[in-house]
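**Q** Just the structure for this:
(2 chains)
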Amino acid sequence: DAGVIQSPRHEVTEMGQEVTLRCKPISGHNSLFWYRQTMMRGLELLIYFNNNVPIDDSGMPEDRFSAKMPNASFSTLKIQPSEPRDSAVYFCASSLGHATNEKLFFGSGTQLSVL
Amino acid sequence: GESVGLHLPTLSVQEGDNSIINCAYSNSASDYFIWYKQESGKGPQFIIDIRSNMDKRQGQRVTVLLNKTVKHLSLQIAATQPGDSAVYFCAESLYNQGGKLIFGQGTELSVKP
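**A** Sure, this is the predicted structure:
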């Protein structure tokens, strides 16, 4: 299995632009998570899905952030408009079951820089 | 709010020695704990997990100890190797908050040859 696949690996954009991050979870996994990592705040859970349905988006910082999971093999995290403070590494993770208290498999992340 | 923290932000050990990375958690209701290793430029990688009905769990060269009395979690790495150099995160699951994994800030382990 290729693991969780994220794209792009790096994204550099200008303030105000729309950014779309993509994730392909491990086949057969039922839960998908989006995390953001910064030096100041560490790993923060933004949103997670069970069976493609958003369960908890309380970690999404603002309305500028949105996430979708149109099918079991694809999810997007969109930031519109982007701001310099959104610069971080964004990780997607998936897990086999429906519970959140089980091990997650992380992708390699997208390094986002907003200038 | 509740948080998971690490006592030591950096740890330097000699190759071949054993390493101990510590983690304190604040919510006695947490029922699941997990350790991740993150190498530079990569995503966190699962190492080992433990549920609150256990005190100890062993893997390959790693052992996790859970002390619920003092709400302390540790990761022991035997015969530390240069490839173990990374940042290590503990995370707890707060069942009464939806069971979401909450990560600590991480400890950087540096292995000297």
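
**Q** CA atoms for contacts and neighbours, from now on please.
**A** Will do.

**Q** Over to the closest residue to chain A within chain B. Which of the three states is it?
**A** The minimum distance from chain B to chain A, using CA to the nearest CA, falls at residue B:43 (4.5 Å). Three-state assignment for residue B:43 (DSSP: H, G, I helix; E, B strand; the rest coil): coil.

**Q** Now the element after the least confident helix or strand in chain B by mean pLDDT, going C-ward?
**A** The helix or strand of chain B with the lowest confidence, counting by mean pLDDT, DSSP states H and E, is strand B:4-5 at a mean of 50. Following strand B:4-5 in sequence order, the next helix or strand is strand B:10-14 (DSSP states H and E).

**Q** which residues of chain A score low on pLDDT?
**A** Residues of chain A that meet the criterion pLDDT under 70 lie in A:1, A:99-101.

**Q** make it 90
**A** Filtered on pLDDT under 90, chain A yields the residue ranges A:1-2, A:39-42, A:55-56, A:61-62, A:96-103.

**Q** Quick one: the strands in it, in order.
**A** With DSSP state E, the ranges of strands along chain A come out as A:5-7, A:10-13, A:19-24, A:31-38, A:42-50, A:53-56, A:65-71, A:74-79, A:88-95, A:105-106, A:110-114.

**Q** tell me what the last one is packed against?
**A** So that's strand A:110-114. Strand A:110-114 makes packing contacts with strand A:10-13, strand A:88-95 when contacts are defined by 3 or more CA pairs under 8 Å, 6 or more residues apart in numbering or on different chains; DSSP states H and E.

**Q** Does the residue of chain B closest to chain A touch residue A:91 like I think?
**A** Yes. Counting by CA atoms under 8 Å, residue B:43 touches residue A:91, with 7.1 Å between them.

**Q** which of these two has more neighbours?
**A** Comparing residue B:43 with residue A:91 by other CA atoms under 10 Å in any protein chain shown, the one with more neighbours is residue A:91, at 29 against 22.
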